[in-house]
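*Asks:* Provide a 3D model corresponding to the input given below.
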Amino acid sequence: MGFPGVWMTESESMVYRVVPKCACSSIGQIMFYSDHGRFFDGDIHDSTSGLHKWSQDESQAPITENVKSHKSYAYSCVRNPYTRILSSFFDKIAGIQRNGRRYRGNLVPQLTQKYGIQVGSPEDNFDFDQIQSFRRFLLFARDTIRFKRPMDPDIHWSAMSGHVATFIVNGGRYDNIFWTEKFNEGMQSVLDNIETPHPIDLNNIPRFNESEGHGPKRLHPVEDYFDDLSMHLVYEIYKKDFQLFKYDFENPSNKMPIGEIDLDEVHAKLGD
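*Replies:* Residues are numbered from 1 along each chain as shown. I've put the predicted structure just below:
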């Protein structure tokens, strides 16, 4: 299995387990900058050099050796499950991707046919019922995660605990897991524990949100998208995420964590 989704600086100053839709573009660019004194020109997900990634064959041996012996500071970043699944919908389902096409080709037509999901288009200024379509998407996301149909779950809406767990199960140990909602504070706590070839001043780092501007704007407050049934579905899918990463299931309008993440609990519960 190895360490899918793991990125490591070439200087081996830090090891990061990517969790999709949780500030990974910003974190990747900070890692790249910390080694090279410049940002990667483009989406960091497209880089093929300058940053070790598990998806690059030549990076797998150095990542494995580092993680197994816990040579470097290892961390991940998580996000409120309500805002994360909403972001996945607006980016991957309703939005147009960087290549100018829909995500995964025929996925959206399939969702229209099977779940009645409408997402509009740039031509009609993405005119559709966002709340109705999102709730139908939630049903689809639940079906992929619980029943693996009509397809396997996508990394952008599969549970964060599943992403975080592969690192632990295969022999890694986290030094830090922080929240997207307290990004500067969390990222600073990583930087305070490591030495990098180039210093990082987080106050001067731009935010890299590669999904922005390619699709419809969210028209309503977060809580308007989640009725009682939607909340039930979200809890069914993301129960562990709420519990381990200390988010408020009862109140979709509260995106902030309500407790401290206990790393020992995370390792114990995700390590089997």
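*Asks:* right, and H267 touches I177 too?
*Replies:* No - contact criterion Cβ atoms under 8 Å: H267 and I177 do not qualify, at 10.2 Å. All C-beta atoms are positioned from the backbone trio N, CA, C, and that covers glycine.
*Asks:* if I pick C22, what's in contact with it?
*Replies:* Residues in contact with C22 (Cβ atoms under 8 Å, 6 or more residues apart in numbering) are S76, C77, V78, R79, R84, M160, T180.
*Asks:* List just the nearest of those to Q118.
*Replies:* The closest of these to Q118 turns out to be R84 (Cβ to Cβ; 22.2 Å).
*Asks:* of H267 and I177, who's got more company?
*Replies:* More neighbours surround I177 than the other of H267 and I177, with 21 against 16 (other Cβ atoms under 10 Å).
*Asks:* How is the nearest residue to S25 once chain neighbours are set aside assigned, secondary-structure-wise?
*Replies:* Distances taken as Cβ to Cβ, 6 or more residues apart in numbering place F208 nearest to S25, at 4.0 Å, with adjacent residues excluded. Under DSSP: H, G, I helix; E, B strand; the rest coil, F208 falls in the coil class.
*Asks:* Quick check on F208: phi, psi?
*Replies:* When read as degrees, to the nearest 10, the backbone of F208 gives phi -100, psi 100.
*Asks:* Quick check: what element follows the helix or strand containing L139 along the chain?
*Replies:* Element membership for L139, per DSSP states H and E: helix 130-147. Sequence-wise, the next helix or strand downstream of helix 130-147 (DSSP H and E) is helix 160-169.
*Asks:* Surely G37 touches H198?
*Replies:* Yes - contact status for G37 versus H198: in contact at 4.3 Å, counting by Cβ under 8 Å.
*Asks:* Which other helices and strands does the strand ranked longest in the chain contact?
*Replies:* Counting residues, the longest strand found in the chain (DSSP state E) is strand 73-78. Counting contacts by 3 or more Cβ pairs under 8 Å, 6 or more residues apart in numbering; DSSP states H and E, strand 73-78 is packed against strand 14-17, helix 160-169, strand 176-179, helix 183-191.
*Asks:* Quick check: of the contacts of C22, which lies closest to P257?
*Replies:* Closest to P257 out of the contacts of C22 is V78 (9.0 Å), distances taken as Cβ to Cβ.
*Asks:* What's the local residue count around that closest one?
*Replies:* Using other Cβ under 10 Å, V78 is surrounded by 28 other residues.
*Asks:* for the helix holding L139, what is the average pLDDT?
*Replies:* The average pLDDT within helix 130-147 is 96.
*Asks:* which residues are in contact with that helix?
*Replies:* 85-86, 88-89, 93-94, 111, 114-119, 149-154, 157-159, 216, 218-220, 224-225, 227, 229-230, 233-234, 236-237.
*Asks:* What subset of these is buried?
*Replies:* The neighbour count (16 or more other Cβ atoms under 10 Å) marks 85-86, 88-89, 93-94, 111, 115, 117-119, 153-154, 157-159, 216, 218, 225, 230, 233-234, 237 as buried among the contacts of helix 130-147.
*Asks:* taking those one by one, which sit in strands?
*Replies:* Using DSSP E, no member of the buried ones among the contacts of helix 130-147 falls in strands.
*Asks:* Inside helices: which ones of these?
*Replies:* Residues of these located in helices (DSSP state H): I85, L86, S88, L111, Y115, S230, L233, V234, I237.
*Asks:* who's in contact with the closest residue to the fourth one other than its chain neighbours?
*Replies:* Of all residues beyond its chain neighbours, the one nearest L111 is I117 (4.3 Å), with distances taken as Cβ to Cβ, 6+ apart. Counting by Cβ under 8 Å, 6+ apart, I117 touches I93, V108, L111, S133, R136, F137, F140.
*Asks:* Among those residues, which pair sits farthest apart?
*Replies:* The largest separation in the contacts of I117, counting by Cβ to Cβ, is between V108 and R136 at 12.2 Å.
*Asks:* who touches F126 in this structure?
*Replies:* Residues near F126 by Cβ under 8 Å, 6+ apart: A94, V119, G120, G215, P216.
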